[in-house]
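S.K.: Structure for the following, please:
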Amino acid sequence: MSSLFEAAEADNRRSAQPLARRMRPRSLSEFVGQCHFLGEGKLLWRLIQANRLTALLFYGPPGTGKTTLAMLLATETRCRFRQLNAVTSGVKDLRRVLDEARDLLSTDGKQTLLFIDEIHRFNKTQQDALLPDVEDGTVVLVGATTSNPFFAVNSALVSRSRVFEFQPLEENDVRALLDRALQDRERGLGEIAVNLHDEAADFLAATCDGDARQALSALEIGVLSTESRPVEFTLELASESVQRKAVQYDRDGDTHYDAISALIKSIRGSDPDAGIYWLARMLEGGEDVRFLTRRLVILASEDVGNADPQALVIAVAAMQACEFVGLPECQFSLAQAVAYLACAPKSNAATVAIGEARKDVREGRTTPVPVHLRDSHYAGAKRLGHGEGYQYSHNEEDGVAAQDYLGVEREYYRPVNRGFETELGERLASIRAKLRSL
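M.R.: Okay, the predicted model is just below:
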């Protein structure tokens, strides 16, 4: 009789679970995505085959399978599975699990796979408490985090772990999960007749941003909220079933650095569409507008330079406009600046020039100021010969005096053959010819 009650209770608990929870893979063969480290021949696949899991750090956005894969690894390696959440667990909870793992290993020879969600939320003391049991093999540690572990987790723990970065699921992976959920009669929606339209499936796969939970949740809401059978799951129904997803953006974490890197590289690569997208992503995430304008001003000189001198004017004007206007209206000035900078001809000649010159100075390749260039406006300068022989450039017809301004022959500024710098290069060639005619 008790077994009947237990079975009924299990069914009740299962029916209360959301579709995404019920459809969790039960084996590695059902796991979708992350082929870059889990595919045959890849590193994690090899670690599983060799049964040599030690400490793993799973890093990536929500809904990409970090918790699920940890559970599957425990099953695959025949470890006992224990889970803690770093937000709600303290040192006492951690020590209790580690003591249990130590006892189990001593008595039964069985390892414990300890999965710690949000592991970056553990403080240094808590993270350090894991090290002895990780090193001696008492536990197989799997830590999950949405923050870059190289920023958020203690270096001692990172150095003892293999880091696997989870990528958002591809749209075809999400489509496969939706189809599986509609066909599965035991855990999914297979008992309900559903006609999932292709455009609706494409919409769910695209709008979930690689988060399987989001897509499966929308599918379940749309099906269960429709009374007619079969359910015609149209694009309209899909749109009505999707909740706007919060932008995953941490102004103090790696998403901040990754996004600004993508913005700068898109502008440098002359892609205004990508530049505008990354700008929008950062604005939606609440990025500091002053930070954005500073980076645009830097880029205008670093990557556009004299190929289009107007670029710096545009960037500085955008910075001033943002200070004066503020959000949301200053987004227009930012977008204008990003589009202009992306389309401008590019040159890093000035950037390279100052870099090489400062390197020479740092490494001791310095040269004294030539006597004829030294300050001659103070008493006694004439007795030292300072300024003697200096030629005033404006007295020359072309404004260039043939004299030595450095003392040694070095060439730092090398204009590129793009934009206005093409003209500068031609002008500079004639200038250098005259300067070197001495």
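
S.K.: C-alpha from now on. contacts and neighbour counts both.
M.R.: OK.

S.K.: buried stuff in the helix or strand that residue 264 is a member of?
M.R.: In the assignment (DSSP states H and E), residue 264 maps to helix 254-268. Buried positions in helix 254-268, judged by neighbour count with 16 or more other Cα atoms under 10 Å: 254, 255, 259, 260, 262, 263, 264, 265, 266, 267, 268.

S.K.: swap in stretch 122-131?
M.R.: Per 16+ other Cα under 10 Å, stretch 122-131 contains these buried residues: 122, 126, 127, 130, 131.

S.K.: and these as CSV, adding pLDDT, secondary structure and distance to residue 408?
M.R.: Formatted as CSV, those follow (pLDDT from 0 to 100; DSSP: H, G, I helix; E, B strand; the rest coil; distance: Cα to Cα, whole Å):
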residue, pLDDT, secondary structure, distance to residue 408
122, 88, coil, 58
126, 85, helix, 60
127, 87, helix, 57
130, 88, helix, 60
131, 88, helix, 58
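
S.K.: of all those, which comes closest to residue 424?
M.R.: residue 122 (56.9 Å; Cα to Cα).

S.K.: With adjacent residues omitted, what lies nearest to the closest one?
M.R.: Of all residues not flanking residue 122 in the chain, residue 86 sits nearest, at 5.5 Å (Cα to Cα, 6 or more residues apart in numbering).

S.K.: Ok, residue 43 next?
M.R.: The shortest distance from residue 43 to any non-neighbouring residue, by Cα to Cα, 6+ apart, is to residue 37 (5.6 Å).

S.K.: would you say the one you found is within a helix?
M.R.: Yes. Using DSSP: H, G, I helix; E, B strand; the rest coil, the assignment for residue 37 is a helix.

S.K.: how many other residues sit next to it?
M.R.: A count of nearby residues for residue 37, using other Cα atoms under 10 Å, gives 16.

S.K.: Same check on residue 69?
M.R.: Counted with other Cα under 10 Å, residue 69 comes out at 21.

S.K.: for the one 10 residues further on, same thing?
M.R.: For residue 79, the count of nearby residues is 17 (other Cα under 10 Å).

S.K.: Please apply the same query to residue 217.
M.R.: The number of residues packed near residue 217 is 19, by other Cα under 10 Å.

S.K.: Distance from the chain centre to the helix holding residue 264, please.
M.R.: Put simply, helix 254-268 sits 8 Å off its chain's centre (Cα atoms, centre = their mean, to the nearest Å).

S.K.: mind checking which helix or strand of this structure has the lowest mean pLDDT?
M.R.: Taking mean pLDDT, DSSP states H and E as the measure, helix 2-16 is the helix or strand of the chain with the lowest mean score, a mean of 56.

S.K.: Need the per-residue pLDDT for the nearest residue to residue 216 once chain neighbours are set aside.
M.R.: Setting aside the residues directly before and after it, residue 216 is nearest to residue 20 in space (Cα to Cα, 6+ apart), at 5.6 Å. We have a pLDDT of 86 for residue 20.

S.K.: Mind giving me the packing neighbours of the helix or strand containing residue 20?
M.R.: Taking DSSP H and E as the criterion, residue 20 maps to helix 19-22. For helix 19-22, the packing partners by 3 or more Cα pairs under 8 Å, 6 or more residues apart in numbering; DSSP states H and E come out as helix 212-224.

S.K.: So for the helix it packs on, what gets flagged as buried?
M.R.: Within helix 212-224, the residues that qualify as buried are 212, 213, 214, 215, 216, 217, 218, 219, 220, 221, 222, 223, counting by 16+ other Cα under 10 Å.
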